[in-house]
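*Asks:* Make a model of this:
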Amino acid sequence: PAAGDVARAAAVPRVWLDGRVRAALDRSTAQIGAPEVWKNGHRGEDVKVAVLDTGVDASHPDLAGRVSEAEDFSGSSGTGDAFGHGTHVASIVGGSGAASGGDRKGVAPGADLLIGKVLGDDGFGTESQVIDGMEWAVARGADVVNMSLGSDTPSDGTDPMSRALNELSASSGALFVVAAGNAGPGEGTIGSPAAADAALTVGAVDRDDSLADFSSRGPRAGDDAVKPDVTAPGVGIVAARAAGTTMGQIVDAS
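*Replies:* Sure, this is the predicted structure:
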């Protein structure tokens, strides 16, 4: 590899989490129009969604029976979720809502969930672990790969994770959905792999669709390309809490 590639890889050896927790998933699904889609019979059945994160509490009522495969790439304690973020994200994607009588079901409660634990019990991982998880997700036939994670330094989209995302997207047709990051409100703060050309990069808005202060902003470093691609609710989201974890604001036992 070129010296610049090695230096760039060495500069961002860790990834950080993209998650804020405060109020309710039943409101955010309505904000994006999910109930109308559900009424038309579309609940994500036959769609494989891989969640690459801190693992999952598969015993949570919202996720019981919802996870078809799980693999650990973090070298930590297995595929369980000691940190809490992965369970939160997995339930936003495809939780059944069982713990709340259906009020807080995920966006695609019929989707087939694959869990790749690429971040360890401390919420951090390495680029190589994330890339291993991306390759696994594609090999297992994921249609969508959710990555609510990223580097804490801006990227021009040519770093190792971004390159891997572009290559895997082209070879498999999988859609990689990546959080823009929490490095806002300054401009040019999109990290890796959100900076990848092929990533569907998602910024965060609050309940009135205003861009969240923390949400990373474009343009992309280097070439001023337009990122993020879309925005979605990312403030005040209540979702499943992994047993024994306390991240964010605790709403109730589940």
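*Asks:* All the strands of the protein, residue numbers only.
*Replies:* With strands called from DSSP state E, the chain shows them at 16-17, 48-53, 67-72, 112-117, 144-147, 149-150, 175-179, 200-205, 230-233.
*Asks:* Output the below-cut-off pLDDT ranges for the stretch 151-254 of the chain.
*Replies:* By pLDDT under 70, the stretch 151-254 of the chain has no low-scoring segment.
*Asks:* Count the residues that sit near residue 113.
*Replies:* Residues lying near residue 113 (other C-beta atoms under 10 Å) number 28. (Each C-beta comes from the backbone N, C-alpha and C, glycine too.)
*Asks:* where does it sit relative to residue 156, distance-wise?
*Replies:* Distance, residue 113 to residue 156, by C-beta to C-beta, to the nearest Å: 32 Å.
*Asks:* same question, residue 199
*Replies:* From residue 199 to residue 156 the distance is 13 Å (C-beta to C-beta).
*Asks:* Looking only at neighbour counts, state which of these two leads.
*Replies:* Using other C-beta under 10 Å as the criterion, residue 199 and residue 156 rank with residue 199 on top: 29 against 17.
*Asks:* Quick check: closest non-adjacent residue to that one.
*Replies:* residue 178 (4.3 Å; C-beta to C-beta, 6 or more residues apart in numbering).
*Asks:* And residue 75, by the same measure?
*Replies:* Using C-beta to C-beta, 6+ apart, the nearest residue to residue 75 is residue 120, at 7.1 Å.
*Asks:* I'd like to check which residues are in contact with the one you found.
*Replies:* Counting by C-beta atoms under 8 Å, 6 or more residues apart in numbering, residue 120 makes contact with 54, 74-76, 83.
*Asks:* Would you mind measuring from the residue nearest to residue 190 when sequence neighbours are not counted to residue 179?
*Replies:* Residue nearest to residue 190 in three dimensions, not counting chain neighbours: residue 227, with 4.7 Å by C-beta to C-beta, 6+ apart. Here residue 227 is placed at a distance of 12 Å from residue 179 (C-beta to C-beta).
*Asks:* got any residues that touch both of those two?
*Replies:* If you check residue 227 and residue 179 against C-beta under 8 Å, 6+ apart, the residues they both contact are 194, 201.
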